[in-house]
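[1] sequence first, then the predicted structure:
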Amino acid sequence: MQRALLALAALVLLGLGAVPLAAGHFHLGVLVPVGLGLAGGYLAWRWWAVQAWCAAAPWRRACWRAAWLGLALWVVSVGWLWQRIAGLGQAPATTPPVAAIVVLGSGTQDGKPRPALAMRLDTAAQLAALQPQAVLAVTGGVDFGQDESEGAIMARYLALTHGLDPAAMVVEARSTSTVLNLEWTGPLLQQRGVDLAQPIAIVSSDFHLWRALQIARSQGFGQPIGVAAPTPLLTRFNVWLREYFAVASSWVLGEW
C-alpha cells in the first residue's frame, strides 16, 4: 500500500511540474515538484531494496524516519503559508477610495504581458474605471531576454486593451524585484502629488499579495490595500509553491 501511494504521489507531482515546464515556466515552483516526483518514483521502483538497506542498520532506519519527518514538517509549513495568503485582497468593486493604484510586474514575453501579468492589468483597469481620480502606476524593468521594460509594456497593454491614457500613468521601468517595484515607484507617486500615507491600492496576483503588502509597509506606504488578481489555472499550484521560497528568501534578506 505504501509503495502504491508513493508511486501515485510521484505521478501527480511529475504532472504538476512537467505541464508548466513544457509551457516554458522554469522556477522553483516547477522544479521542486519534478524533483520530488522523480525521487518518489525512484523510491517506489526500488522500494524493497530501500527497505532492505534501512533494515541493515539502526542508523539507517533513523535516517529514513528523519527524512520523512523533515518532509512532513516542510509540507506543514507550506500549508501554513498557503492558509495565510489564501483569500487575501479586495476585488475592484469592494476597494475603498485610494489615491493611487500600483500594479506590480510579473513577467513579459515578446513585448506582451504574460498571462499572470495580463490578469493583474485587467484587474487594475477595472479599479481605474471605478476610481478615475486615482493615479495609476505600472512598474517593472527589462526582463531577461527582452528588449523593453515591463513598465512600458504594461502601459501599452492598458492603452490598447482598456483605452487608458499612457501619458497619465506613472511608469517605473527599472526595477527587478517587488522591493524595487515599490521603492522606486514611491518617489514617482510623490512627484505626482500622492502622499504615501494615503490609501494606495497594490494590485498583484492573489498569492503574491501577502508578501507585497509586507514590503509596501516597509517601503513607507502607510495604508496599502491589496487588490487581488486571479492566477492562471495552469500555473496556480506552481506559483503558489514558488511564493513559499520567495517569502523565505524575502524574510532572510530582511525585505520586510
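    Everything's here; your move.

[2] quick check: closest non-adjacent residue to the residue most central in space within the chain.
    For the chain, His208 is the residue whose C-alpha lies nearest the centre (Cα atoms, centre = their mean; 4.3 Å). Nearest residue to His208 in three dimensions, chain neighbours excluded: Glu243, at 6.3 Å (Cβ to Cβ, 6 or more residues apart in numbering). From N, CA and C alone the C-beta is placed, and that goes for glycine too.

[3] in the strand or helix carrying the one you found, what's buried?
    In the assignment (DSSP states H and E), Glu243 maps to helix 236-252. By neighbour count on 16 or more other Cβ atoms under 10 Å, the buried set for helix 236-252 is Arg236, Phe237, Asn238, Val239, Trp240, Leu241, Arg242, Glu243, Tyr244, Ala246, Val247, Ser250.

[4] chain center to it, what's the gap?
    7 Å (Cα atoms, centre = their mean, to the nearest Å).

[5] what mean pLDDT does that helix have?
    Helix 236-252 shows a mean pLDDT of 91.

[6] give me the helices and strands touching it, please.
    helix 2-22, helix 28-45, helix 58-85, helix 209-218 (3 or more Cβ pairs under 8 Å, 6 or more residues apart in numbering; DSSP states H and E).

[7] isn't the residue nearest to His208 up against Arg211?
    Yes: with contacts counted by Cβ atoms under 8 Å, Glu243 reaches Arg211, the gap being 7.0 Å.

[8] what residue of this protein is the furthest out?
    Ala56 (44.4 Å).

[9] got a list of what it touches?
    By Cβ atoms under 8 Å, 6 or more residues apart in numbering, no residues touch Ala56.

[10] could you measure from it over to Leu160?
    From Ala56 across to Leu160, the span is 66 Å (Cβ to Cβ, to the nearest Å).

[11] Ala116 now?
    Taken as Cβ to Cβ, the span from Ala116 to Leu160 is 19 Å.

[12] those two: which has the busier surroundings?
    Ala116 (21 against 10; other Cβ atoms under 10 Å).

[13] thought the more buried one was touching Pro232?
    Yes: counting by Cβ under 8 Å, Ala116 does reach Pro232; the two are 5.9 Å apart.

[14] can you pull out the helices in the stretch 101-250 of the chain?
    Taking DSSP state H, counting those that start in this stretch as the test, the helices found in the stretch 101-250 of the chain are 115-130, 150-162, 178-191, 209-218, 236-252.
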